[in-house]
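Chemist: Mind looking at a prediction? Sequence and model below.
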Amino acid sequence: MQFIGCGTALVTPFQPDFSLDEAAFRKLVQRQIRGGVDFLVPCGTTGENPTLTRREHLRVVQIALEESSGKIPVLAGAGGYNTHEVTELARELESLGADGLLSVTPYYNKPTQDGLFQHYREIARSTRLPIVLYNVPGRCGTNLEPSTVKRLAELENIVGIKEASGNISQMSALANTVPDDFAILSGDDAIALPLFALGGRGVISVASNEIPAEMAQLCRHGLRGNFEQARALHRKYLPLMEINFIESNPIPVKAALALMGLLEPVWRLPMVPPKVENRIRIHAVLESLEVIERSSVAVASVAH
């Protein structure tokens, strides 16, 4: 299993005219690799994939692959509510050279558990790539139940799950249900540490966009059972993990990265800049953690 430890759910930077900022994205990927993260996750929700064209989606993954150049794996986003379209995308990403696929549950059309099983079975049949399921009922309106995950884990190339239900009881049941070599990854930074205690194998992280080295270190401690050290990092950076969700992801994390000078503060509709009071709170958290230097710069201007 390649996708263990800290994977970064990469943001997609845009230029002021809303086109892809390829130069900024290359620098973000390079920064992640220098920070020691274990794998890259382009074109997930944090990458604003619902508003990327197919051509842009493939281009973002291609750039991630070029910059990683085999140093660390690339787990490319490939989800949706149209099974046929997802299978086509899966084939294209395989042709590009992606190392694996992260596939979110279908949203809006609310399939049954058997519908979810058949959806993922079709994707698995369409590609030789390893697939990580993605369960996020708060966004998709459908919960991938442990019993269904158990069925899916029997398929050879379904190798793990990004579990973002926020339900620790369900995660515990899941850990007791799936085979030992099936990787359970946290979909929430703030739950990564307790999930390690249940047998989790890592996190697909938003916070590692801002602090890649620190999140990678937290994961390494968690995987080794060094809970005292992992807990110290968790406590220190919990304010950042929480502020990243003060508004819908990826609104806050892109605002933070803009304050750090790493990208332009541009979102595509229906994503919009954070409220002024929330930008002030984001700035304060970054300053308190010394992610940015203390300054008197007005943060209200960090918007388009």
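Modeler: Thanks, I have the structure now.
Chemist: now the end-to-end length of stretch 241-250.
Modeler: Length of stretch 241-250, first residue to last, CA to CA, to the nearest Å: 12 Å.
Chemist: average model confidence for it?
Modeler: Across stretch 241-250, the average pLDDT comes to 98.
Chemist: Just the buried residues of it, please?
Modeler: 241, 243-247, 249-250 (16 or more other CB atoms under 10 Å). Glycine gets a C-beta too; all of them are placed from N, C-alpha and C.
Chemist: Check which residues of the lowest-mean-pLDDT helix or strand in the chain are buried.
Modeler: For the chain, counting by mean pLDDT, DSSP states H and E, helix 137-140 ranks last in confidence among helices and strands (a mean of 94). Judged by neighbour count using 16+ other CB under 10 Å, the buried positions of helix 137-140 are 137, 140.
Chemist: If you count contacts, what does it end up packed against?
Modeler: Of the remaining helices and strands, none touches helix 137-140 by 3 or more CB pairs under 8 Å, 6 or more residues apart in numbering; DSSP states H and E.
Chemist: What is the nearest of the buried residues of stretch 241-250 to T142?
Modeler: Lowest distance from T142 to the buried residues of stretch 241-250 (CB to CB) belongs to N249, with 18.6 Å.
Chemist: from what I can see that closest one touches T46, true?
Modeler: Yes - the pair N249 / T46 is scored as a contact, 5.8 Å apart, by CB atoms under 8 Å.
Chemist: Mutual contacts of these two, please.
Modeler: V206 (CB atoms under 8 Å, 6 or more residues apart in numbering).
Chemist: what are the ranges of the helices in the stretch 1-150 of the chain?
Modeler: Listed in chain order, the helices of the stretch 1-150 of the chain (DSSP state H, counting those that start in this stretch) span 22-35, 54-68, 83-96, 113-126, 137-140, 146-153.
Chemist: Give me the contact list for stretch 13-20.
Modeler: 12, 21, 24-25, 28, 56, 59-60, 254, 257, 262-264, 266-268, 304.
Chemist: in that stretch, what counts as buried?
Modeler: 13-14, 20.
Chemist: Stretch 174-190 now?
Modeler: Buried residues in stretch 174-190, counted by 16+ other CB under 10 Å: 174-175, 177-178, 182-190.
Chemist: mind listing which of those are in helices?
Modeler: 174-175 (DSSP state H).
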